[in-house]
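Student: just to be clear, the model below is a prediction. Sequence and coordinates:
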Amino acid sequence: MNARGFDVGANFQRALPGDGILFWFISTPAVQVNGLAVAQMVAPFPTEAEAQRGASLLNERYPGNNCWVGRGEYEPRYATTDRLMRGAQRARADLAGLLAGIERRA
């Protein structure tokens with residue numbers, strides 16, 4: 001991993017050659033909306049540490065929140081460096097919005 005974001009090189013976490021690029025996400029607890037349980041997934045984060053820090057910040061900001069961190073995988077055809085970097089910037093902005101209490105974007 002490089003310090004700036006996702007490393008899509010040979011050293012990135014892959015189970016087998018040809019597998020997708022792994023990413024980390026934060027999931028918020030589900031809330032009832034019109035009778036349905038709805039949770040928000042904030043993603044992608046390039047490292048587990050960054051996602052864990054975000055979840056910790058949300059749990060501190062909203063005690064009892066119990067956000068958790070998970071891992072997902074992009075298919076190789078979607079795992080381009082520019083797409084991952086744009087996604088990471090959007091995830092950081094979404095996290096900042098949640099921390100500030102701003103309603104999520106449409």
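Tutor: Received it, and whenever you're ready, just let me know what you need.
Student: quick check, G72 in a strand?
Tutor: Yes. The assignment for G72 (DSSP: H, G, I helix; E, B strand; the rest coil) places it in a strand.
Student: that one: neighbouring residues, count only.
Tutor: Residues within reach of G72, counting by other Cβ atoms under 10 Å, total 13. For every residue, glycine as well, the C-beta is placed using N, CA and C.
Student: how near is it to Q40?
Tutor: From G72 across to Q40, the span is 14 Å (Cβ to Cβ, to the nearest Å).
Student: with Q89 instead?
Tutor: For Q89 relative to Q40 (Cβ to Cβ), the value is 17 Å.
Student: between those two, who's got more neighbours?
Tutor: The residue with more neighbours, out of Q89 and Q40, is Q40; 16 against 11, by other Cβ under 10 Å.
Student: for that one, give me phi and psi.
Tutor: phi -110, psi 140 (degrees, to the nearest 10).
Student: now do the same contact list for the closest residue to it other than its chain neighbours.
Tutor: Nearest residue to Q40 in three dimensions, chain neighbours excluded: T28, at 4.5 Å (Cβ to Cβ, 6 or more residues apart in numbering). By Cβ atoms under 8 Å, 6 or more residues apart in numbering, the residues touching T28 are 39-42, 58, 65, 67, 98.
Student: can you list those residues in TSV and add distance to M85, secondary structure and pLDDT?
Tutor: Formatted as TSV, the contacts of T28 follow (distance: Cβ to Cβ, whole Å; DSSP: H, G, I helix; E, B strand; the rest coil; pLDDT from 0 to 100):
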residue	distance to M85	secondary structure	pLDDT
A39	25	coil	89
Q40	21	coil	90
M41	19	strand	93
V42	16	strand	94
L58	23	helix	94
N65	28	coil	85
C67	23	coil	94
L98	21	helix	91
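Student: good, wrapping up.
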